[in-house]
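Q: What would the 3D arrangement of this be:
(chains A and B)
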2 protein chains.
Amino acid sequence: AQKFSGGLGSKLCGTSLRGLSGKIMSVVVTLTCVTGAAYLTPAALLNVGDAEKSADPAAKLDGDTKTMTFLQEVVDILLAYIVESFDRETKVIDFHYPNQLLQMNNWELQDEPATLDDILISCRATLKYAIKTAHPRYFNQLSTGLDMVGLAADWLTSTANTNMFTYEVAPVFVLLEYVTLKKMRDIIGWQDGRGDGIFSPGGAISNMYAMLLARFKMFPEVKEKGMSSVPRLAAFTSEHVSVVRIKNSQILVSDFFPRLWSNIHFSIKKGAAALGIGTESVICIKADESGKLIPADLERRILEAKQKGFVPFFVSATAGTTVYGAFDPLIAISDICRKYGVWMHVDGAWGGSLLMSRKHRWKLDGVERANSVTWNPHKMMSVPLQCSALLVREEGLMQNCNQMHACYLFQQDKHYDLSYDTGDKALQCGRHVDIFKLWLMWRAKGTIGFEAQIDKCLELSEYLYNKIKDREGYEMVFNGKPQHTNVCFWYLPPGIRYMEDTEERKKRLHKVAPVIKARMMEYGTTMVSYQPQGDKVNFFRMVISNPAATFEDIDFLIEEIERLGQDL
Amino acid sequence: AQKFSGGLGSKLCGTSLRGLSGKIMSVVVTLTCVTGAAYLTPAALLNVGDAEKSADPAAKLDGDTKTMTFLQEVVDILLAYIVESFDRETKVIDFHYPNQLLQMNNWELQDEPATLDDILISCRATLKYAIKTAHPRYFNQLSTGLDMVGLAADWLTSTANTNMFTYEVAPVFVLLEYVTLKKMRDIIGWQDGRGDGIFSPGGAISNMYAMLLARFKMFPEVKEKGMSSVPRLAAFTSEHVSVVRIKNSQILVSDFFPRLWSNIHFSIKKGAAALGIGTESVICIKADESGKLIPADLERRILEAKQKGFVPFFVSATAGTTVYGAFDPLIAISDICRKYGVWMHVDGAWGGSLLMSRKHRWKLDGVERANSVTWNPHKMMSVPLQCSALLVREEGLMQNCNQMHACYLFQQDKHYDLSYDTGDKALQCGRHVDIFKLWLMWRAKGTIGFEAQIDKCLELSEYLYNKIKDREGYEMVFNGKPQHTNVCFWYLPPGIRYMEDTEERKKRLHKVAPVIKARMMEYGTTMVSYQPQGDKVNFFRMVISNPAATFEDIDFLIEEIERLGQDL
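A: Residues are numbered from 1 along each chain as shown, chains lettered A, B, ... in the order given. Take a look at the predicted model:
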């Protein structure tokens, strides 16, 4: 079974390859090809299998060689792309409008197969027009960068091609999820890492799980009887949490204000709508100037809701808001949740990773009092997309909430420990393997490696903040040092820098960030998102999550904003 | 920007590599490494970036070489694993109990980083204990096989590392999703491929989306006001749809009956519980002996529900049930849905792919009348996990149902066509890129390639059916030719073959499949799932979705069952 474990490199069908590892590997070639049907081209040969149909042994070898050659060719394309992505001389993006891009290549699906050469061309074209999310000057999203161990792990995951439903079909991955979730709970501060959890397809779904669990905990009958058996519920979250989307899509700026997106409670509202609770049951709590939820307002609103006949069941505190990077005061919030018997959820999709940092984890003090925590390693820990965890303090609740095996006759024997089967905890049936990349990166870096990486990104953002806070032409959106790597600021071009604070000035300032952003994308030199918030016109929201970024990249960003914006 | 487009192969830091493609590539090495900190080991060097900190140019080169060498070494491991996976001499599984496996390797996460060698060892260990889902004799799940183009596409997806939120961050992928969904709607039979859709994290979530849309369509106020604004709803589905899980986890058989799982309406009930509708509102419709929903019973139950004051809002017809592979009569169902104004959903997670086959698509006649269709290319089309589509006939509904940007001041200018931004359609915020593997495979095979692959799997299952239906020692679970690749049968060992049909015989027969399955896994020769259903004791459910399987593999399966079961 382990015949390949010794060496690397390949010897395929008489073709010898000296691998980068410098070792020679001998592979017993058993891949064969489908032949004999009219529709078959070299590409179809890659549907390995069907040895019997091929009378010609040479054809079999041909299929093997083609397969391995093809995969290696794709890998070569990918390795080149990776090198290019980290090259600051390379454009972050080669932007085209949707209709242009649709016409720049033939993307249509055909009845007939393409050649393998065409497939390689398609791979190159896809990468040519992709955003280089690993680029050290790509600051556009909360998820940036590309970790090499994480990438390798994701390639392995694709190759293993299974799902997380049961131990039987994913033995190692299920164990690694178990080990990793326990470690994460331990870091949160739950005793002995006890509790439960799951990796879900993104922070919004993790938050929805939390809301589902909170409702079930308070009203278990809701599972069978639905919301008609339950009083009207109320959920609470800060008016500052996850934005609908960062308003960063325009390339050209019109004469109109672009749409101002509401920044409030995106995923919590989506969850409430889906779960049949209704968006009107999501009550927004005031945040202070730096974006932190005001506990006194939370308490006031809980009382108000109770008075109106609503039952408060869920508070979602945010650890790291999307725009400001603010951390809600978790201890004060947990006191209120306990007082009123409300489930406390911490949405740490963005900020949860700071728990890995001895220097910064105080920002989440009180998180150990939460009933559930969302924590997305695909954001601040640079794990490849996607990797989002929901951690739950109470054991067994997820299973009870989501399991559906209504009838059974006898208890199952215990020769095989079914507690590792995660299928019944999940809303999903099949579930993508999101764990291996996180686990392997953690192995490679150790906890202290993640800590160093996170500390470094925060250091870079502090550097940016210090550099622009008193610099001419800049205005900070809120006072005080950023808590996370978010730095929110306006750049004021000379043309409006000295104008009085009128509506006209606001209107002009509102257009500055979109124009600069559009020019950034045209030049392809860097990308930062911008957006309005409440009554504040468009401002830049800088975030740093890519460990490949450096102080020089921050310097470059400032120079670039000034170069592109000085004529406005 | 395209400096690497010409050649393949690598020349890295003085190390020259002749690639399998036989071409030489020159890569400008710009990757650099983090150095100087105490926690850094070779593994940490893979956090590419931070050129400035390294004074020593040799160290930079070292980081580059290490990175590329490491990735290539992982690829070598993966290529060897792929070759091995298709080798019939290789075990499908090297099974160990959870506690054994936990102890066979050090899986724990540490504070300190591991060495790169350790990382490679971890990769090998992970694959050693993985199920070889590509193995031509792995018949355990609906998703089997490994397509080489699909795999290459998934590797590229990981490398591009972005999400489907907006055109801005995933321009090509968003367009390809658009093109592919349109093509799939066209195949369903909706005029000009019109409509809407999304790739979601699996069939259960796709079905949940459908239920969410159906509810919103009938009661749009539910989004804001929740279920308290809505009368009690009723959803309908066949008692035969998606099983809770295939009961295939035991290795040893106890003296007790194992738990009999309920096979009914798994994802529909999960969806109803989550959406606040409640599982009691899911009404199960009788199926005939072959597993098809009985339309007359549907109509009767709709009327009954109305009489009780429920509002029927959702019928989920199944195209390809998990166990029997049955196709519900869609035309008759759609007549009833129209008559009573109920949303018709078709859960074609398993059977939807038959739409690609001119020979078999009649089994879904009437699908074009559905309001929504779930279709999982990761099942019968062998696209790597995960790849599930929800297709919706009405345009704009998904956006209205799920969007959350409550407030804005002005209409956005139209210089950038925001209709390609999919974020607001989805329940998720970030969304994994599941499209590229399907699109690239479709390119490579053409529609006729998928058709040939699907037809071949159905031919194999017919071959199995014909071979065992009159064979001594076999009994079919239901009469008639299977509609999909599911073949459900009992194997009766000589010891019980001639027993009278008593409870004692049932009890003994119930244990046969688990023991044979356990032995299959011990030998690692093949894997097939088994399960009970209703009052039927454990039977084998054979499915074929791996195009690498052959007639000989079917012959092998029968011989293996008889070899392993003859003493029982």
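
Q: Is stretch A:419-438 positioned near chain B?
A: Yes. Counting by CB under 8 Å from any CB of the partner chain, chain B is contacted by stretch A:419-438 at A:Tyr420, A:Asp421, A:Gly423, A:Asp424, A:Leu427, A:Gln428, A:Cys429, A:Gly430, A:Arg431, A:His432, A:Val433, A:Phe436. The C-beta positions use only the backbone N, C-alpha and C, and glycine is treated the same way.

Q: Please put the alpha-carbon coordinates of that stretch into PDB.
A: Provided in PDB are the C-alpha atoms of stretch A:419-438 (Å, rounded to 0.1, in the frame of the first residue of the first chain):
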ATOM      1  CA  SER A 419     -19.900  10.400  17.800                       C
ATOM      2  CA  TYR A 420     -17.400  11.200  15.100                       C
ATOM      3  CA  ASP A 421     -20.100  11.300  12.400                       C
ATOM      4  CA  THR A 422     -20.900  14.900  11.900                       C
ATOM      5  CA  GLY A 423     -23.700  14.600   9.400                       C
ATOM      6  CA  ASP A 424     -26.500  15.100  11.800                       C
ATOM      7  CA  LYS A 425     -25.100  18.200  13.300                       C
ATOM      8  CA  ALA A 426     -25.100  20.100  10.100                       C
ATOM      9  CA  LEU A 427     -27.800  21.700   8.000                       C
ATOM     10  CA  GLN A 428     -25.900  20.500   5.000                       C
ATOM     11  CA  CYS A 429     -25.900  16.800   4.000                       C
ATOM     12  CA  GLY A 430     -22.600  16.500   2.100                       C
ATOM     13  CA  ARG A 431     -20.100  19.100   3.500                       C
ATOM     14  CA  HIS A 432     -16.900  20.300   1.800                       C
ATOM     15  CA  VAL A 433     -13.600  19.500   3.500                       C
ATOM     16  CA  ASP A 434     -12.500  22.900   4.800                       C
ATOM     17  CA  ILE A 435     -10.400  21.600   7.700                       C
ATOM     18  CA  PHE A 436      -7.200  20.300   6.200                       C
ATOM     19  CA  LYS A 437      -5.800  23.600   5.000                       C
ATOM     20  CA  LEU A 438      -6.200  25.100   8.400                       C
END
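
Q: Just list what the helix ranked longest in chain A packs against, helices and strands only.
A: Under DSSP state H, the helix in chain A containing the largest number of residues is helix A:435-468. Other helices and strands packing on helix A:435-468, by 3 or more CB pairs under 8 Å, 6 or more residues apart in numbering or on different chains; DSSP states H and E, are helix A:148-160, helix A:171-188, strand A:474-476, strand A:487-491, helix A:551-565, helix B:42-45, helix B:116-128.

Q: Quick check: next helix or strand after the longest one?
A: Right, helix A:171-188. Helices and strands here follow DSSP states H and E; after helix A:171-188, the next one along the chain is strand A:196-200.

Q: right, and the helix or strand after that next one?
A: Remark: after strand A:196-200, the chain's next helix or strand is helix A:203-218, criterion DSSP H and E.

Q: how many neighbours does A:Gln566 have?
A: 13 (other CB atoms under 10 Å in any protein chain shown).

Q: shouldn't it be in contact with A:Pro494?
A: Yes. With contact defined as CB atoms under 8 Å, A:Gln566 reaches A:Pro494; the gap is 6.3 Å.

Q: Provide a PyMOL selection command restricted to the buried entries of the residues of stretch A:419-438 next to chain B.
A: One line in PyMOL is enough to select the buried members of the residues of stretch A:419-438 next to chain B, burial here meaning 16 or more other CB atoms under 10 Å in any protein chain shown:
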select buried, chain A and resi 420+421+423+424+427+428+429+430+431+432+433+436
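
Q: Dump the residues of stretch A:419-438 next to chain B to a markdown table, plus secondary structure, distance to A:Lys132 and pLDDT.
A: Below are the residues of stretch A:419-438 next to chain B laid out as a markdown table (DSSP: H, G, I helix; E, B strand; the rest coil; distance: CB to CB, whole Å; pLDDT from 0 to 100):
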| residue | secondary structure | distance to A:Lys132 | pLDDT |
| --- | --- | --- | --- |
| A:Tyr420 | helix | 39 | 75 |
| A:Asp421 | coil | 40 | 75 |
| A:Gly423 | helix | 37 | 73 |
| A:Asp424 | helix | 41 | 81 |
| A:Leu427 | coil | 34 | 90 |
| A:Gln428 | coil | 31 | 89 |
| A:Cys429 | coil | 35 | 85 |
| A:Gly430 | coil | 31 | 87 |
| A:Arg431 | coil | 29 | 93 |
| A:His432 | coil | 24 | 96 |
| A:Val433 | coil | 26 | 97 |
| A:Phe436 | helix | 24 | 98 |
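
Q: OK, now which residue of the stretch 101-250 of chain A is nearest to chain B?
A: Taking CB to the nearest CB as the measure, the point where the stretch 101-250 of chain A comes nearest chain B is A:Gly226, at 2.8 Å.

Q: who touches the residue most central in space within chain A in this structure?
A: Centroid-nearest residue in chain A, with CA atoms, centre = their mean: A:His378, separated by 4.4 Å. A:His378 makes contacts with A:Ser143, A:Pro384, A:Leu385, A:Gln386, A:Cys387, A:Ser388, B:Gly430, as judged by CB atoms under 8 Å, 6 or more residues apart in numbering or on different chains.

Q: can I assume the third one sits in a helix?
A: No. Counting by DSSP: H, G, I helix; E, B strand; the rest coil, A:Leu385 is not found in a helix; it is coil.

Q: Quick check: A:Gly271 touching A:Ser206?
A: No. Using CB under 8 Å as the test, A:Gly271 is too far from A:Ser206 to be in contact (9.8 Å).

Q: now stretch A:323-336: mean pLDDT?
A: Mean per-residue pLDDT for stretch A:323-336: 97.

Q: May I have the phi/psi pair for A:Phe313?
A: Torsion angles at A:Phe313 (phi, psi; degrees, to the nearest 10) stand at phi -130, psi -10.

Q: brain fart, A:Asn161
A: According to degrees, to the nearest 10, A:Asn161 has phi 40, psi 60.

Q: for A:Gln531, same thing?
A: For A:Gln531, the backbone dihedrals are phi -180, psi 160 (criterion: degrees, to the nearest 10).

Q: And the one 3 residues further on, by the same measure?
A: In this entry, A:Gly534 is assigned phi and psi values of phi 60, psi -120 (degrees, to the nearest 10).

Q: tell me the contacts of A:Val311?
A: A:Val311 sits next to A:Met218, A:Val230, A:Pro231, A:Arg232, A:Leu233, A:Ala234 when contact means CB under 8 Å, 6+ apart.

Q: Please name the residues that touch the fifth one.
A: In other words, A:Leu233. Contacts of A:Leu233 (CB under 8 Å, 6+ apart): A:Arg215, A:Ile277, A:Ser281, A:Phe310, A:Val311, A:Pro312, A:Phe313, A:Phe314, B:Gly226.
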